[in-house]
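**Student:** got a predicted structure here, sequence first:
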Amino acid sequence: MSTDDERTTDASTTNSTATDSTTDASTADSTTDASTTNSTTDVPTADSGTPDGRPDLGGDPVLRTEGLTRRFGELVAVDDVDLAVDRGEFRSVIGPNGAGKTTLFNLISGALSPSEGRVVLDGEDVTALSPHERVRRGIGRSFQITNVFGGLSVEENVRIAARSTVETDLSAWERYLRSTDAFDEVNERAAATLERVGLADRAEERAGALSYGDRRRLELGLVLATDPQVVLLDEPTAGMSREVTQSTIDLIDEVLADRTLLLIEHDIDLVMRVSDRITVLDRGSELVTGTPDAVAADPEVRKAYLGGVADE
Amino acid sequence: MAAAGALFDQVLNGLTIGMVYVLLAAGLSIVFGVMDVINFAHGEFFALGAYFALSVAIATGPGGFWVALLVAPLLVAVVGAGVERFTVRPLYGRNPLYHILLTFGLVLVIKDVVELVWGPQPYQFAKPPVLRGTVEILGYGYSVYSYFVVGVGLLIAVGTWLALTRTKYGLIIRAGSMDRGMVRNLGIDVDRYYTLVFAFGALLAAVGGVVIAGRQSVSPGMGDSVIIPAFIIVVLGGLGSFRGAVVGGLAVGVVQTLVRSYVPVLEGLVVFLLMIVVLLVRPQGLFGNPEWAGADEGGDLLTVSGGGVFDSTLRRRAGAALVAAFAVVPLLVGLPSYYVNTLAVSIFVWALFALSLDLVMGYAGLVSLGHVLFYGVGAYATVLVVVNLVPSLWVALAVAIAVCTAVAWVVGHLSIRVSGVYFSMITLAFAELFHSAVYKFGWTGGSDGIFGGFDPTYGLVGGPAVRSIELVGDVELFYYVALAAAVGGYLLARRLIRAPFGSVLQAIRESEDRTAFVGYDVTAYKRRAFVVSGGLAGLAGGLSATLTGGVAPEFLAWILSGEVIVMTILGGMGTLYGPMLGAGVYLVVKDVLLSLTNAGSPLLVALGEFWQGALGLLFVAFVIFVPEGLVSLPETVASRIDRRSGGGETIAEDAEVSD
């Protein structure tokens, strides 16, 4: 795959700069506060935005946001957020209700366009691209409310997703007149995906008739079939019991292990256990980003979170 | 000075009509804003207002006008409340499309009831003496009645505005139109207000009907003539915006009147052009809430997904048998008459037309209210080619398809940028634009259309005339051409749907967001579907013109768009054979009803004369009870029986689908 080459070259260059900027400060404190990140917003160089104090994950940000802001009238839902998510990282985004988590995801995936700021994937500015173009470049997402093609078979669901990666290469004849059964390579990939998410034996069923948990699995399959680099997961365990939640997270960890993950999740214990790093949003702004331990110890976070809980 | 006086006269005329539009549009807009209901029957409430006023005035004698002005709107409000309670209410939570369909059915019913009660002839309505005569200003006489209409309109508009902004009810209604769920969460039963709001909308329309009755004649078509402009005003002003309805109504009234006297060429076109331009620049309308234009209306389109009726093998055999029967029976035993030949051909043609609509509506989820555009353009193109270029039917049909795909490409590019109801309205506007335009030109034959000189042939440059070849008895060769087109269209559509293209279309119908987020350009796919659909509809139109032996502006009338939607829903959209079946059933039922007028029994004759109303009732019943169409009937019946015998399975499945 040609994109792999690009990735590698890109990775090697970013690697060096990123290590430069992290080495000196990483020992100072283990948490990053918002102001440090904000101060670097305007610097154009690709990776100087990497904030201090992160655990060393290779320091190779595959996804960055720079000064990302979205206003709805008076309300600033996402306020000047700078993220740098490293390749292969498992990053969770937490925050009280209304903190702007889903809006942030919508900005990154292209469902909303930002009022200000940029989204950079693999060194490429994708801010102006539409959702489907971002998917082609490697951003996949799941939705807060399970979103699969309910009227179609489980197999066709995944095939549609898998086919999108080759869609532009299809000839007119293939696209309009060739039966979907005849795309062997795509269909094999779809079958393999179903195998991975554990739905191979339900391929013929109507997606809408699956149980809730299975539909969640199918949605993961849809994301996986598009072969994303970065996957945004918006509360994949919403409405699940504790056990199912755990198994879903295990599944995510298993099938998406080699991808960069961004997760919105309410179950704090879970987030603490699975994340490499956690970003805490509060009222649209990035409060803190750091390792689970560092975030748990952060007084600001305790205030925002526990304060919020106490209010309820 | 004289010019200024004449201009003022025109402006006053425009304001008078404009005020009537305001009354109509305000009701439409409030009803949409609060309950998301697109009410096509609104024009019929307007007509009912005029007719009730007529009867009340006659019954009460002198001074009857004033009594009528009060009583008629209240009566119409009662009718409106009944309509909401018994037909609209069961549909809340479904896609707004179903309200369009339902109220379209209601239009047919109310119109026929009006004709049944008051007869088809127009009435004149006597104005009270006080309002006759003129006022003289600057040497020009202005009709007192115009001032009266403007005054009444202003009074009601201000009153409504005060009620909306200053009262508790108004507050709840406005809040409900912004966020119904929130208002409900506050513990207010919004639904209770729906009947009130719907009745109030009907009342406003009725007042408009009463005051217009004093200016022009009262006739059964009066609802038809105002509903499209009223919609345009609502869309122009912004759906759900009261201010938009007022400004839009007055503007359209004045612009229409001025254009009529100063730029007659553009009469009838300007309003549609205005709406198209406004929607392209500001998709949410002048005063609309921008968040709505792109908003997903929610509520699923009830398409028959998955298998539909029977399993696929059985279905294929049944289909093949049906086609074989259509092909062989006429040759073996002939058709009973030339009339049956014609009926069969029109079923093939409409089956093709319904199939084309289904591709965009049932598969891509695009509710085109202006699909007649392609049908009409196809018909005109076919006739024009035969009359002016070459007589060959094949060349003409090919040109028709090409022209329609081109038109669909352009219209698709302009209109698919807006979604949901706005898309429906903009397609309707395009269709009406073409409809008005064909009246204007010499080469389209104006209002007469083109019937002379249309003699298509079977050869490429000449050969035998299409209408001259009869095979057996009354069966024409053209019967087979139409049958082949319908079957060919079906096979092509089936192929498309089974290819990646159709698979993505179905994905779009299921979830637009999800489709975009697995990497497809949803807009591009919708456009492609629209283009394919336009081509097929154009072919249907060309065949239809050939069957008719010419073309007239009626080929572009919006009522045909309504009919083809009816057929599609009736059969079951989202399956390819459903709409084709729907076309057949619709045309046969219509034909049977019409033939009743020659029946012996007076009751049957009455039913025959009420054919439109009867079709409307049938349709209303379908939208409410069998929204998935005829093809879902066996399944529905089966599940009913299942449920009765104690199987709770279907209920569980329903719950699954609705979340």
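**Tutor:** Nice, I can see it.
**Student:** and the contacts of stretch B:605-618?
**Tutor:** B:105-109, B:111-113, B:116, B:566, B:586, B:589-590, B:593-599 (CB atoms under 8 Å, 6 or more residues apart in numbering or on different chains). All C-beta atoms are positioned from the backbone trio N, CA, C, and that covers glycine.
**Student:** and the average pLDDT for that stretch is what?
**Tutor:** For stretch B:605-618, the mean pLDDT works out to 82.
**Student:** how about the closest residue to chain B within chain A, phi and psi?
**Tutor:** Closest residue of chain A to chain B, CB to the nearest CB: A:Gly151 (2.8 Å). Torsion angles at A:Gly151 (phi, psi; degrees, to the nearest 10) stand at phi -80, psi -10.
**Student:** from chain A, how far out is B:Arg315?
**Tutor:** 17 Å (CB to the nearest CB, to the nearest Å).
**Student:** report the buried residues of the helix or strand in which that residue is found.
**Tutor:** Assigned by DSSP states H and E, B:Arg315 belongs to helix B:312-333. Neighbour counts over helix B:312-333 (16 or more other CB atoms under 10 Å in any protein chain shown) mark B:Arg315, B:Gly319, B:Phe326, B:Pro330 as buried.
**Student:** correct me, but the last one touches B:Leu477?
**Tutor:** No: the criterion here is CB atoms under 8 Å, and B:Pro330 misses it with B:Leu477 at 10.9 Å.
**Student:** next, show the common contact partners of these two.
**Tutor:** In contact with both B:Pro330 and B:Leu477: B:Leu471, using CB under 8 Å, 6+ apart.
**Student:** dump the buried residues of helix B:312-333 to TSV, plus pLDDT.
**Tutor:** Output for those, formatted as TSV (pLDDT from 0 to 100):
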residue	pLDDT
B:Arg315	79
B:Gly319	85
B:Phe326	87
B:Pro330	80
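**Student:** Three-state assignment for the residue nearest the centre of chain A, please.
**Tutor:** With distances taken as CA atoms, centre = their mean, chain A has A:Leu232 as the residue nearest its mean C-alpha position (2.4 Å). Each residue gets one of three states, and A:Leu232 gets strand by DSSP: H, G, I helix; E, B strand; the rest coil.
**Student:** could I get the contacting residues of it?
**Tutor:** By CB under 8 Å, 6+ apart, the neighbours of A:Leu232 are A:Phe105, A:Ile108, A:Ser109, A:Ile139, A:Gly140, A:Arg141, A:Ser142, A:Leu262.
**Student:** measure how buried residue 160 is and give me the count.
**Tutor:** Using chain A here. Neighbour count of A:Ile160, defined by other CB atoms under 10 Å in any protein chain shown: 29.
**Student:** meant chain B actually
**Tutor:** Around B:Thr160 there are 21 residues (other CB under 10 Å).
**Student:** in the helix or strand hosting it, what counts as buried?
**Tutor:** If you go by DSSP H and E, B:Thr160 is part of helix B:144-166. Residues B:Tyr145, B:Ser146, B:Tyr147, B:Phe148, B:Val149, B:Val150, B:Val152, B:Gly153, B:Ile156, B:Ala157, B:Thr160, B:Leu164 are the ones in helix B:144-166 that count as buried (16+ other CB under 10 Å).
**Student:** of the residues you listed, closest to chain A?
**Tutor:** Once CB to the nearest CB is applied, the member of those that ends up nearest chain A is B:Leu164, at 21.7 Å.
**Student:** before we move on, back to that, among the contacts of stretch B:605-618, which ones are buried?
**Tutor:** B:105-109, B:111-113, B:566, B:586, B:590, B:593, B:596.
**Student:** turn those residues into a markdown table, including pLDDT, distance to B:His99 and secondary structure.
**Tutor:** Below are the buried ones among the contacts of stretch B:605-618 laid out as a markdown table (pLDDT from 0 to 100; distance: CB to CB, whole Å; DSSP: H, G, I helix; E, B strand; the rest coil):
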| residue | pLDDT | distance to B:His99 | secondary structure |
| --- | --- | --- | --- |
| B:Gly105 | 88 | 11 | helix |
| B:Leu106 | 91 | 10 | helix |
| B:Val107 | 90 | 12 | helix |
| B:Leu108 | 88 | 15 | helix |
| B:Val109 | 91 | 15 | helix |
| B:Lys111 | 90 | 18 | helix |
| B:Asp112 | 89 | 20 | helix |
| B:Val113 | 91 | 20 | helix |
| B:Val566 | 85 | 14 | helix |
| B:Tyr586 | 91 | 20 | helix |
| B:Lys590 | 88 | 23 | helix |
| B:Leu593 | 86 | 25 | helix |
| B:Leu596 | 82 | 30 | helix |
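**Student:** now tabulate these in JSON lines and tack on distance to chain A.
**Tutor:** Shown next, in JSON lines, are those (distance: CB to the nearest CB, whole Å):
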{"residue": "B:Gly105", "distance to chain A": "26"}
{"residue": "B:Leu106", "distance to chain A": "29"}
{"residue": "B:Val107", "distance to chain A": "31"}
{"residue": "B:Leu108", "distance to chain A": "31"}
{"residue": "B:Val109", "distance to chain A": "32"}
{"residue": "B:Lys111", "distance to chain A": "36"}
{"residue": "B:Asp112", "distance to chain A": "37"}
{"residue": "B:Val113", "distance to chain A": "38"}
{"residue": "B:Val566", "distance to chain A": "23"}
{"residue": "B:Tyr586", "distance to chain A": "25"}
{"residue": "B:Lys590", "distance to chain A": "31"}
{"residue": "B:Leu593", "distance to chain A": "35"}
{"residue": "B:Leu596", "distance to chain A": "40"}
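**Student:** residue 123: neighbour count?
**Tutor:** In the absence of a named chain, this looks at chain A. Count around A:Gly123 with other CB under 10 Å applied: 17.
**Student:** wait, chain B
**Tutor:** Counted with other CB under 10 Å, the neighbours of B:Tyr123 add up to 16.
**Student:** who's it bridged to?
**Tutor:** B:Val218 (DSSP bridges).
**Student:** mind checking how far it is from B:Ser219?
**Tutor:** According to CB to CB, to the nearest Å, B:Tyr123 stands 7 Å off from B:Ser219.
**Student:** quick one: pLDDT of residue 142?
**Tutor:** Using chain A. 88.
**Student:** nope, chain B please
**Tutor:** 72.
**Student:** kindly report the same for the one 10 residues further on.
**Tutor:** With respect to pLDDT, B:Val152 scores 91.
**Student:** got it, and B:Asp654?
**Tutor:** For B:Asp654, the predicted pLDDT is 35.
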